[in-house]
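Colleague: okay, sequence plus prediction incoming.
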Amino acid sequence: MKGIMATITSFAVYLAGLIDAATVVLLFFMFLDMVTGLLRAWMTKSLNSTLGLAGLIKKFAVFVVLAMTAGIEYFFIHMGQDTNGLLILGVASFFVVNEGLSILENCAQMGLPIPPVLYNALDKLNRDPGGKEQQLLRDPVLEQIDKATLLKELQQAQQESTIREKKEETQ
């Protein structure tokens with residue numbers, strides 16, 4: 001049922017003229033990600049239909065989110081608030097970047113030469129080889145710091161800096 005509703009919503013969004021270039025680029029990047037993902041799985045002999053299906057479901061969910069964003073933008077337009085397509089552009093751009101990173105990861109895992117800067121960035125993004133979704137862990141020391149005390153120390157440092165600047169100006 002949800003799939004049918006998403007299809008109808010997507011078609012309505014298309015008819016309303018809310019599909020823009022960012023959405024087309026997103027679709028192209030998703031296609032490239034699927035192709036490079038299949039090639040990577042074939043080359044590394046890790047082809048898994050369950051993972052492939054999960055990836056397709058996630059890509060479908062991206063379009064559901066994009067269709068929902070288009071519906072919100074359509075609502076704003078009919079309420080007299082022209083958003084100039086910024087809502088859809090923002091959401092689509094986020095997912096384009098996400099797909100681009102995935103394509104780079106697939107290419108790196110296939111053994112293609114990736115510039116060291118990009119390779120290091122990908123390595124930092126994905127420390128766990130088991131998956132792409134990683135939770136950002138905070139430093140345990142930062143968890144122990146009292147935020148109120150930290151804010152007071154920051155304000156005090158700013159005041160001391162201001163006093164020093166004023167002294168330097170008068171000299």
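Modeller: Yep, it's here.

Colleague: could you use CA atoms for every contact and neighbour count after this?
Modeller: Fine.

Colleague: what helices and strands are in contact with the top helix by length along the chain?
Modeller: Criterion DSSP state H: the longest helix present in the chain is helix 49-78. Applying 3 or more C-alpha pairs under 8 Å, 6 or more residues apart in numbering; DSSP states H and E, one finds that helix 49-78 makes contact with helix 2-16, helix 86-109.

Colleague: repeat that with 10 Å
Modeller: The contact analysis (3 or more C-alpha pairs under 10 Å, 6 or more residues apart in numbering; DSSP states H and E) places helix 49-78 against helix 2-16, helix 21-43, helix 86-109.

Colleague: could those helices go into TSV alongside mean neighbour count, distance to residue 149 and mean pLDDT?
Modeller: Shown next, in TSV, are the helices and strands packed on helix 49-78 (neighbours: other C-alpha atoms under 10 Å; distance: least, C-alpha to C-alpha, whole Å; pLDDT from 0 to 100):
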stretch	mean neighbour count	distance to residue 149	mean pLDDT
helix 2-16	14	49	60
helix 21-43	17	44	86
helix 86-109	18	35	85
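
Colleague: now residue 162. Its backbone dihedrals?
Modeller: Residue 162 has phi and psi values of phi -60, psi -40 when expressed as degrees, to the nearest 10.

Colleague: picking up where we left off before, return the set of buried residues in the longest helix of the chain.
Modeller: The neighbour-count check on helix 49-78 (16 or more other C-alpha atoms under 10 Å) flags 59, 62-71, 73-74 as buried.

Colleague: from those, which is closest to residue 46?
Modeller: The nearest member of the buried residues of helix 49-78 to residue 46, counting by C-alpha to C-alpha, is residue 59 at 20.1 Å.

Colleague: perfect, I'm done here.
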